[in-house]
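Colleague: Turn this into a model:
(2 chains)
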Amino acid sequence: MRVERRETPSAWLALGAPFAAIALALLACTPLIMWHGSPVLEAYGLLLKGTLGSRGAATETLTRATPLVLTGLAAAVAFRARLWNIGAEGQLYLGAAAAAAVGAGAIAAPPWILIPLVLTIGVAAGALWLIGPALLKTRLGVDEVVTTLLLNFVMLLFISMMIEGPMKDPLGFGWPQSAPVLDEAALPKIVPKSRLHLGFVIAVVAAVVFWLIDTRTRWGFEARAVGSNPAAARFAGMTVQTVMIRVAILSGGLAGLAGACEVTGLRGYLALDLSPGFGYAGIVVAMLAQLHPLGVIGAAVFVAGVFVGADAMGRTLGVPGFIADVIVAASLMCMLLAMFAARYRIRR
Amino acid sequence: MSEPLEILLTASFWAAAVRIATPLVFGTLGELVCERAGVLNLGIEGIMTAGAMVGWTSVYMGADLWTGVLLAATCGAVFGALHALLTVPLGLSQHVVGLGVTLLASSLTYFSYRLLLPGASTPPTIEAFQPMSVPGLSELPLVGEALFSQTPMTWLALALILVAAYVLNRTPMGLALRMVGENPQAAEAQGISVNAVRMTAVIVGSALMAIGGAFLTLAAFNSFFFTMVQGRGWVCIALVVFASWRPGKALFGALLYGLFDAYQVRLQHAVAKEIPYQLFLMTPYLLSILALILMSRRATYPQALMKPYRRGERG
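Modeller: Numbering: from 1, shown residues only, chains lettered A, B, ... in the order given. Predicted structure coming up:
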C-alpha cells in the first residue's frame, strides 16, 4: 500500500471536504454524548436549534462569529505565506486594550471620527504585537511558532496588570475591568433587540477586501509565492523579508481588529474573559476554510454556531460546554484528513 | 544583607528550582525525541494537560501513584499515535496537526474531568508523591534538600536524561532515530523503515510529555485544575532549541528555567506592592524567548525536521 498524489486535485472533494469533516466530527463526538447519558439525536437537534432555531439564536451565532471571522482571516493570511502566527490571541487582547484605552474618554469626538479612530488603533496595536516575532524570524531566524505562543501568555499577564492598575475602572466596584468606552465609540447594533453589531459587517468586508488583495494584487501574489516556494520567490526578485513583514502587519492587524470590535461592539470594556480562545479557534476556522478568505466567513459561522448551540444543549441536557471545544477540535482533525483525501489517493 | 540575595541562600529555593524543572525535563525530553526523528510535536501542551488529568483521576479513583503515572503515559502515547499517524505516513502539516492535537487533547480532558467529577467546585485532593530524603546528605546546607530530598518522579526524570543520552548516542536504535531526522533517504537505503522509526519516536516522546503533565498533579500539587499546564509545553519546545537537541543540555536548560522561576516567585513576595506581580510572572516566558534568540544563531536543526518523507517523492 502506498500514498500517491492525484494528478489533478479533485475539485468536488475539495469543495465537499469541510462538510464531510463536520459530519465525521459530529459522528466522532457521539460517544461523548452517550457517555454523558443524553439522547444523541435530541442533543444534536438542540445544538442545531440553539444555533439557527430562532431569530435570537441566529443573531447570537453571527455575533459570536464576528471575532472568529477576523481571527480566522488573521490565521489564513499568515499561513498562506507560511508565517506561523499562533499568537492571534495575544494580538486580539492588545488590540482590545488599545481600543478600550482610547475609547474610554482619552479623546472626545463624534462617533464618525471616534469609531474609525478606535478601530484603527486596535489594528495598529495588534500588528505591533506580531512585528516583533516576524522581525525575529526574518532577521535572526527565530522560530515564530514558539515566540508567538509564549507572547500570548505575556500579553494575558500584561492585560491583567493594566486592568488591575492604570486602566482599572474606578467605578467598577473593585472588579478587574477597564472603564467602559464612551457611547460615541460604541459600534451601533445592526439588528434591533439583538447583540449583533456593526463589527460583523466590518469582518465580512475585511474578508472580501482580503480576497481581492489576494487574487487581484501584486501583494497577494507575492504572499502566496513566498508561502509556496520562498526560494523561487526570491529568485523571481521578491524580497521575502519585506513580504513577511507585510503579511505580519496584516495578520496581526486583523487579530487586533477582532479585539477592538469585541470591546466597542459587544463588551464595552476590557476584561480577562474577553476572548474564550478566539485566537486559537481562528486557526480551526482558517483550516476549515482551506485558507480561502471567503470560506472563512462560512467556517466562522459554523464554529460560532457550535459554541452557541452547545450552550443551548448544555442548558437543557446538562452536557458540559466543553463539548463545543471537542467538536471544533475534532472538526479540525477531520478536515485535515478530508483535505488529504482530496489531494492524495491510496494505491495498493 | 539585602533580601533579594538572601533568597539564594535558602535551601528551599534550590529545592523548588529542581521541583519546577522536573516536568520540563520530561516534556523537553519527549519533544527532543520527536524532533530528533524529524517531527515537530506541537501537541505537547495538550498532551501534558491530558497526562495531568489522567494521572490524577486514576489515583483519585483508587489506583496507586505509579499506576497513575503509567496510565498518563499510555494516554500520552495514544495522542502521540494520532499525531504520528497524521504527520508521518500521511505527511500532513506538523504545525496544524500538532495544534489540533493540543486543542483536541485539552478539550477532551476538560470534558472528561467535568463528567468524572461533576460539580466539583474546589478541586479534591489526593495523597501525592512525598519527597524521599537520603539520610544525612539531605541535611547538607543549601543544596542538600535540592539534591537529596525529592520525589521519586524527579529521580525518574534524572535517570531518563541518562537513558536518553545513552540510547541516542550509543545504540543502533539511537543512530536510526537520528538518521531519519537528518537524512531519511539515507536511512531508507540502509534498510531502516523511516515511518516506523518516526512513529515510534513520536509515540514514546508523547508518553514522556504526559508523564511531565502527571508530575504536576501527582507530585508538585495534589489536585487537578484547568489551565494548570500554563504554557509549560511551549516552554519545553523553546528549551529543546536552547539545548541544541541534546539531553544533557536539556537538563541544564530546565534547571536554569527552574532557578529563574523559583527566584521570581520569591522575589515577588520580597518586594511586593512596589512592582506589579504580573511583571514577575512574565519573566519566565520572556526569558524563554530570550534564550531562543540567543541560541537560534547557533542552532543546528535536525536537517529533516518538519519535512514529511514519502518513499519515491523528493523532499
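Colleague: okay, now residue A:34: neighbour count?
Modeller: By the criterion of other CB atoms under 10 Å in any protein chain shown, residue A:34 has 12 neighbours. No exception for glycine: its C-beta is placed from N, CA and C like everyone else's.
Colleague: In space, what's closest to it - neighbours in sequence excluded?
Modeller: Leaving aside its sequence neighbours, residue A:34 sits nearest to residue A:40 (CB to CB, 6 or more residues apart in numbering or on different chains; 6.2 Å).
Colleague: That neighbour against residue A:31, yeah?
Modeller: No - with contact defined as CB atoms under 8 Å, residue A:40 does not count as touching residue A:31 (9.2 Å).
Colleague: mean confidence for stretch B:227-234?
Modeller: Stretch B:227-234 shows a mean pLDDT of 92.
Colleague: Could you check that stretch and say which residues are buried?
Modeller: Neighbour counts over stretch B:227-234 (16 or more other CB atoms under 10 Å in any protein chain shown) mark B:228-234 as buried.
Colleague: again with stretch A:293-301
Modeller: Buried residues in stretch A:293-301, counted by 16+ other CB under 10 Å: A:293, A:295-301.
Colleague: Between these, which sits nearest chain B?
Modeller: Using CB to the nearest CB, residue A:299 comes nearest to chain B of the buried residues of stretch A:293-301, at 14.1 Å.
Colleague: Report all helices and strands that the one helix or strand residue A:204 maps to contacts.
Modeller: Element membership of residue A:204 [criterion: DSSP states H and E] is helix A:198-216. Under the contact criterion of 3 or more CB pairs under 8 Å, 6 or more residues apart in numbering or on different chains; DSSP states H and E, helix A:198-216 touches helix A:55-80, helix A:218-228, helix A:240-261, helix A:293-317.
Colleague: How about the contacts made by the most centrally placed residue in chain A?
Modeller: Nearest residue to the geometric centre of chain A (CA atoms, centre = their mean): residue A:71, 2.2 Å. Taking CB atoms under 8 Å, 6 or more residues apart in numbering or on different chains, we find residue A:71 in contact with A:88, A:92, A:254-255, A:258, A:278-279, A:281-282, A:285.
Colleague: Would you mind measuring from the residue nearest to it when sequence neighbours are not counted to residue B:156?
Modeller: Excluding the flanking residues, the one nearest residue A:71 by CB to CB, 6+ apart is residue A:282, at 2.8 Å. The spacing between residue A:282 and residue B:156, counted by CB to CB, to the nearest Å, is 39 Å.
Colleague: The two: which has the busier surroundings?
Modeller: Comparing residue A:282 with residue B:156 by other CB under 10 Å, the one with more neighbours is residue A:282, at 32 against 17.
Colleague: and the more buried one, that one's in a helix?
Modeller: Yes - checked against DSSP: H, G, I helix; E, B strand; the rest coil, residue A:282 lies within a helix.
Colleague: so it makes contact with residue A:65?
Modeller: No - with contact defined as CB under 8 Å, residue A:282 does not reach residue A:65; the gap is 11.3 Å.
Colleague: What residues does the stretch 101-250 of chain A have near chain B?
Modeller: A:136, A:140-143, A:145-147, A:149-154, A:157-158, A:160-161, A:164-165 (CB under 8 Å from any CB of the partner chain).
Colleague: coming back round to it: ok, which of the buried residues of stretch A:293-301 also contact chain B?
Modeller: Near chain B, by the rule CB under 8 Å from any CB, you find none of those.
Colleague: Reformat the residues you listed into TSV and put pLDDT next to each item.
Modeller: Listed next are the buried residues of stretch A:293-301 as TSV, based on pLDDT from 0 to 100:
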residue	pLDDT
A:293	94
A:295	95
A:296	97
A:297	97
A:298	95
A:299	96
A:300	97
A:301	97
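Colleague: Helices of chain B, start to end?
Modeller: Ranges of helices within chain B are B:3-7, B:11-36, B:44-60, B:65-87, B:94-116, B:144-148, B:152-170, B:172-182, B:184-189, B:194-215, B:232-242, B:247-270, B:277-296, based on DSSP state H.
Colleague: Let me know which of those is tucked in deepest.
Modeller: helix B:44-60 (a mean of 30; mean count of other CB atoms under 10 Å in any protein chain shown).
Colleague: any idea of the angle that one forms with helix B:65-87?
Modeller: For helix B:44-60 against helix B:65-87, the angle by axes from the mean of the first three to the mean of the last three CA atoms, to 10 degrees is 150 degrees.
Colleague: and helix B:44-60, how far from the chain's centre?
Modeller: 13 Å (CA atoms, centre = their mean, to the nearest Å).
Colleague: cool, and stretch A:259-273?
Modeller: Distance of stretch A:259-273 from the chain centroid (CA atoms, centre = their mean) equals 15 Å.
Colleague: Quick one: check that stretch for contact with chain B.
Modeller: No - applying CB under 8 Å from any CB, one finds stretch A:259-273 out of contact with chain B, separated by at least 11.2 Å.
Colleague: cool, stretch A:45-54 as well?
Modeller: No - applying CB under 8 Å from any CB, one finds stretch A:45-54 separated from chain B by no less than 14.8 Å.
Colleague: Low-confidence bits of the stretch 151-300 of chain A, can you list those?
Modeller: Applying pLDDT under 70 to the stretch 151-300 of chain A flags no residue at all.
Colleague: Would you work out how far apart the start and end of stretch B:299-312 are?
Modeller: End-to-end distance for stretch B:299-312, by CA to CA, to the nearest Å: 29 Å.
Colleague: Kindly report the same for stretch B:188-196.
Modeller: Stretch B:188-196 has its terminal residues 11 Å apart, counting by CA to CA.
Colleague: Show me what it is in contact with.
Modeller: The contact list for stretch B:188-196, computed with CB under 8 Å, 6+ apart, reads B:88-89, B:176, B:179-180, B:184, B:187, B:309, B:311.
Colleague: orientation of the helix holding residue A:204 relative to helix A:293-317 in degrees?
Modeller: Using the same axes, to 10 degrees: helix A:198-216 against helix A:293-317 is 150 degrees.
Colleague: so residue B:173 touches residue B:163, yeah?
Modeller: No - Residue B:173 lies out of contact with residue B:163 (CB under 8 Å); the separation is 11.6 Å.
Colleague: Compare residue A:40 and residue A:31 and say which is more crowded by neighbours.
Modeller: residue A:40 (16 against 10).
Colleague: which ones are touching the residue of the stretch 151-300 of chain B found nearest chain A?
Modeller: In the stretch 151-300 of chain B, the residue that lies nearest chain A is residue B:278 (3.9 Å; CB to the nearest CB). Counting by CB under 8 Å, 6+ apart, residue B:278 touches A:157-158, A:160-161, A:164.
Colleague: quick one: pLDDT of it?
Modeller: Looking at residue B:278, its pLDDT reads 91.
Colleague: next one: residue B:170
Modeller: We have a pLDDT of 96 for residue B:170.
Colleague: For the residue lying farthest from the centre of chain A, give me the pLDDT.
Modeller: What lies farthest from the middle of chain A is residue A:348; by CA atoms, centre = their mean that is 40.2 Å. On pLDDT, residue A:348 comes in at 71.
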